[in-house]
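S.K.: sequence unknown, structure follows:
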């Protein structure tokens with residue numbers, strides 16, 4: 001899958017949340033809050049079409065767009081890309097970085113401990 005930019009991800013978030021939408025819906029729901037005009041939103045839609053991240057279908061004479069990439073696939077790809085680029089593909093240095101630069105709450109620590117315990121059980 002081709003990389004989806006931050007701006008394009010705003011369009012994708014709307015499609016994941018609301019299902020198929022027309023360009024006018026995306027201009028209103030995404031463009032408005034972002035301060036983007038119709039041309040900008042349509043450019044982003046066209047980029048996503050070229051990347052095969054969305055598909056277009058005609059309904060009532062208008063194009064409606066639906067995601068071809070799930071949010072989970074997108075998050076997995078972006079997360080792995082971040083790990084690869086910044087931490088050599090290793091998770092522990094990422095967690096250590098955040099722990100040093102942003103204190104973890106006791107709730108976050110408990111969730112991390114529970115996740116590690118679950119992963120250790122799965123390995124057995």
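M.R.: Perfect, I can see it now. Keep in mind it's a predicted model, so treat the numbers as computed, not measured.
S.K.: would you map the strands across the protein?
M.R.: 21-22, 54-59, 62-67 (DSSP state E).
S.K.: how far does stretch 94-112 stretch from start to finish?
M.R.: The first and final residues of stretch 94-112 sit 13 Å from each other (C-alpha to C-alpha, to the nearest Å).
S.K.: give me the contact list for it.
M.R.: Applying C-beta atoms under 8 Å, 6 or more residues apart in numbering, the contact partners of stretch 94-112 are 82-83, 86-87. From N, CA and C alone the C-beta is placed, and that goes for glycine too.
S.K.: buried ones in that stretch?
M.R.: Neighbour-count burial for stretch 94-112, counted by 16 or more other C-beta atoms under 10 Å, picks out residue 94.
S.K.: quick revisit: quick one: the contacts of stretch 94-112 as JSON lines, columns for neighbour count and pLDDT too.
M.R.: Shown next, in JSON lines, are these (neighbours: other C-beta atoms under 10 Å; pLDDT from 0 to 100):
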{"residue": "82", "neighbour count": "11", "pLDDT": "92"}
{"residue": "83", "neighbour count": "15", "pLDDT": "94"}
{"residue": "86", "neighbour count": "12", "pLDDT": "95"}
{"residue": "87", "neighbour count": "15", "pLDDT": "95"}
